[in-house]
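A.B. asks: this one's sequence-less:
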DNA sequence: AGAGTCAACTCGACAGTACGAGTTAGCGAC
DNA sequence: GTCGCTAACTCGTACTGTCGAGTTGACTCT
């Protein structure tokens, strides 16, 4: 769809209906638990065909905002659950964070020999050079999150990942802009463990403290691991929250 | 849709197309990265209308199996990511597990005064009676997961939650069958912590071991918390895995 | 050889129609 | 009052058809 300078972009009709209904839910016209007008009524209200209304209702259902029951109608769900796309995921948060302005300090960055776990994830020999970027996040001057990002050497070439300066855009935007790289999905592993020596130093933890550890592999569209993100969260300071439909 | 004894259930046409295409992806007819036949070709192949084909392709796209590009066609994605609905979530796993046959031992069950955190989640006073069910899971005779489920007293009435016998169906099925209760969504919190005294006993852990703790609130369709599930996973034995699209 | 045009192909959106299946309320019979 | 039937309402599936917009390759002209 091309838009000339003099024209206003009009969203598809079904999207406009989604927006209108969401607005009415938000302003209390259709409160939680209430029934929406039938499809036939919405056809009249919006002056569109039934398949267009159905499509809008299907979108609302997919987003967990309404339930549709055959023969009965559509109902506003009580509490829109935190949409699964909106819930915080540690790896995604790291990729989308802008270091400048977020209390982030780059502790070190540059080529390093790949430790065994990272080498395995990239499919390179242990000790092969990869680029490492270690960033410490603080809140109210208290260190709270240690992020170590690893990238294959060829991928990091030409980017600022290996420079010990805070990035001015998110990692995702930076790699998209400089390398045309698009991320497809993430696989994260969460564990409870004791801190590593450098974590003990950075956070001032005891050797037996409990740490929430997150190791995330970032895949591009061809199924290749393009980044490994290793995050350490001291257990005394962090809970991760996750919401999902049943 | 009613099915008489002499008739075979036929899935909707669009669902049959989804299944057929998924089978061809799995058997290598359409390998990762390859282009699917055009909509028009699929219309001829399956002898259906174009909106029916489009609907099947939209389902495949929603499931992250294909990408559709306007003007170009549909492409099989490289690695179907673990579907977000298929990834393991601790709370969901507990609700869907059948205790009998799964190495589950019921350690205790019955009415207990609500501890502060549980009381807060149910909106009852601390110390009010609630039903508690504590189950230990073992693998190869080694304890590996301790699950404590809490239910409001009225909800547990008439169910087997307060009986120290393994359930013969999953908790979800049991409450659906006995109470007509339907779960809507779960909000989980994950943390790294040290073990509680009873966890030290059950797992034979040291006082400073790292434990992955999961506390899940289960909501029904009206937004009420109907169950609290508290899971302790010794850090030496467990990682949780989570996959999501970007 | 390069640029522009056009036709054929592709998907996105929309309208209208029809039939089947599930639900509910009203009415009549007992 | 209760039960059964029916009509009206509801959503699920599927079809036919049209138009618009994006992509690509072949052909023509300079």
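C.D. replies: Yep, it's here. The structure displayed is predicted, hence computed values, not measured ones.

A.B. asks: From DNA strand C, how far off is residue A:106?
C.D. replies: As for residue A:106, its distance to DNA strand C is 41 Å (criterion: Cβ to the nearest atom of the strand, to the nearest Å). Every C-beta, even on glycine, is put in place using the N, C-alpha and C of the backbone.

A.B. asks: contacting residues around the residue nearest the centre of chain A?
C.D. replies: For chain A, the residue nearest the mean C-alpha position is residue A:92 (3.3 Å; Cα atoms, centre = their mean). Counting by Cβ atoms under 8 Å, 6 or more residues apart in numbering or on different chains, residue A:92 makes contact with A:186, B:244, B:246.

A.B. asks: Tell me the secondary structure at the residue sitting furthest away from the middle of chain A.
C.D. replies: Within chain A, residue A:44 marks the point farthest from the mean C-alpha position, 38.8 Å out by Cα atoms, centre = their mean. Assigned with DSSP: H, G, I helix; E, B strand; the rest coil, residue A:44 falls in the helix class.

A.B. asks: now residue A:177
C.D. replies: Counting by three-state DSSP, the three-state call for residue A:177 is helix.

A.B. asks: thought it was touching residue A:168?
C.D. replies: No. Counting by Cβ atoms under 8 Å, residue A:177 sits too far from residue A:168 to count as a contact (11.1 Å).

A.B. asks: Is stretch A:123-133 positioned near chain B?
C.D. replies: No. Using Cβ under 8 Å from any Cβ of the partner chain, stretch A:123-133 never reaches chain B; the gap is at least 14.1 Å.

A.B. asks: Could you do stretch A:199-209 as well?
C.D. replies: Yes. Counting by Cβ under 8 Å from any Cβ, chain B has neighbours in stretch A:199-209: residue A:208.

A.B. asks: List the buried residues in that stretch.
C.D. replies: Within stretch A:199-209, the residues that qualify as buried are A:199, A:202, A:203, A:205, A:209, counting by 16 or more other Cβ atoms under 10 Å in any protein chain shown.

A.B. asks: One more: stretch A:51-62?
C.D. replies: Judged by neighbour count using 16+ other Cβ under 10 Å, the buried positions of stretch A:51-62 are A:52, A:53, A:55, A:56, A:57, A:59, A:60.

A.B. asks: Listing partners with orientation, what would you give for the strand or helix carrying residue A:184?
C.D. replies: With the criterion set as DSSP states H and E, the secondary-structure element containing residue A:184 is strand A:183-193. Strand A:183-193 has these partner strands in its sheet, going by DSSP bridges: strand A:211-220 (antiparallel), strand B:240-245 (antiparallel).

A.B. asks: What residues does chain A have near DNA strand D?
C.D. replies: Counting by Cβ under 7 Å from any atom of the strand, the residues of chain A close to DNA strand D are A:1-2, A:36, A:38-41, A:51, A:54, A:57, A:68-74.

A.B. asks: rerun that using 10 Å as the cut-off
C.D. replies: Residues of chain A lying close to DNA strand D (Cβ under 10 Å from any atom of the strand) are A:1-4, A:7, A:10, A:35-43, A:49-51, A:53-55, A:57-58, A:61, A:66-75.

A.B. asks: Export the strands paired with strand A:183-193 as a markdown table, with columns for mean neighbour count.
C.D. replies: As requested, these are arranged in a markdown table below (neighbours: other Cβ atoms under 10 Å in any protein chain shown):
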| stretch | mean neighbour count |
| --- | --- |
| strand A:211-220 | 23 |
| strand B:240-245 | 18 |
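
A.B. asks: pLDDT on stretch A:158-166, on average?
C.D. replies: Model confidence over stretch A:158-166, given as mean pLDDT, is 85.

A.B. asks: Run through who's touching that stretch.
C.D. replies: For stretch A:158-166, the surrounding residues in contact (Cβ under 8 Å, 6+ apart) are A:99-100, A:104-111, A:131, A:133, A:135, A:149, A:151, A:156, A:167, A:171, A:174-175, A:178-179.

A.B. asks: try 7 Å
C.D. replies: Judged by Cβ atoms under 7 Å, 6 or more residues apart in numbering or on different chains, the contacts made with stretch A:158-166 from elsewhere in the structure are A:99-100, A:104, A:106, A:108-111, A:131, A:133, A:149, A:151, A:156, A:167, A:174-175, A:178-179.

A.B. asks: What about those, which are in helices?
C.D. replies: In helices, judged by DSSP state H, the following of the contacts of stretch A:158-166 are found: A:156, A:174, A:175, A:178, A:179.

A.B. asks: Roughly how far does the first one sit from DNA strand C?
C.D. replies: Right, the one you point to is residue A:156. In this structure, residue A:156 lies at 34 Å from DNA strand C, with Cβ to the nearest atom of the strand as the measure.

A.B. asks: Ok, residue A:220 next?
C.D. replies: When Cβ to the nearest atom of the strand is the yardstick, residue A:220 and DNA strand C sit 21 Å from each other.

A.B. asks: close enough to count as contact, that residue and residue A:183?
C.D. replies: Yes. Residue A:220 sits in contact with residue A:183 when judged by Cβ atoms under 7 Å, with a separation of 6.2 Å.

A.B. asks: any shared contact partners between these two?
C.D. replies: Taking Cβ under 7 Å, 6+ apart as the contact definition, residue A:220 and residue A:183 share no neighbouring residue.

A.B. asks: Write out the residues of chain A neighbouring DNA strand C.
C.D. replies: If contacts are counted using Cβ under 10 Å from any atom of the strand, the residues of chain A sitting beside DNA strand C are A:1, A:10-17, A:38, A:43, A:46-56, A:69-73.

A.B. asks: got the end-to-end distance for stretch A:230-246?
C.D. replies: The stretch stretch A:230-246 measures 30 Å between its terminal residues, going by Cα to Cα, to the nearest Å.

A.B. asks: Quick check: next helix or strand after the strand or helix carrying residue A:75?
C.D. replies: According to DSSP H and E, residue A:75 maps onto strand A:73-76. Per DSSP H and E, strand A:73-76 leads on to helix A:90-96 as the next helix or strand towards the C-terminus.

A.B. asks: Listing request: residues of chain A with sub-threshold pLDDT.
C.D. replies: Counting by pLDDT under 70, chain A contains low-confidence residues at A:1-9, A:79-88, A:180.

A.B. asks: quick one on the thing from earlier: which of the buried residues of stretch A:51-62 fall in helices?
C.D. replies: Among those, the members falling in helices (DSSP H) are A:52, A:53, A:55, A:56, A:57, A:59, A:60.

A.B. asks: which among those gets closest to chain B?
C.D. replies: residue A:55 (10.1 Å; Cβ to the nearest Cβ).

A.B. asks: thought that closest one was touching residue A:16?
C.D. replies: No. The pair formed by residue A:55 and residue A:16 falls short of the contact definition of Cβ under 7 Å, at 11.4 Å.

A.B. asks: ok, back up a step: just the buried subset of the residues of chain A next to DNA strand C, written out for PyMOL, thanks.
C.D. replies: In PyMOL, this line selects whichever of the residues of chain A next to DNA strand C come out buried by 16+ other Cβ under 10 Å:
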select buried, chain A and resi 13+14+17+43+46+48+52+53+55+56
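
A.B. asks: Any residues of chain A in contact with chain B? List them.
C.D. replies: Along chain A, the residues adjacent to chain B under the rule Cβ under 7 Å from any Cβ of the partner chain are A:33, A:77-79, A:81, A:84, A:89, A:92, A:183-194, A:208, A:210-212, A:219, A:221-223, A:235, A:238-246.

A.B. asks: and those, which are buried?
C.D. replies: A:77-78, A:81, A:84, A:89, A:92, A:183-188, A:190-194, A:210-212, A:219, A:221, A:235, A:238, A:240, A:242-246.

A.B. asks: got the contact list for the nearest residue to residue A:55 once chain neighbours are set aside?
C.D. replies: Across the structure, with Cβ to Cβ, 6 or more residues apart in numbering or on different chains as the measure, the residue nearest residue A:55 apart from its sequence neighbours is residue A:14 (4.2 Å). Listed by Cβ under 7 Å, 6+ apart, the contact set of residue A:14 reads A:52, A:55, A:56, A:59.
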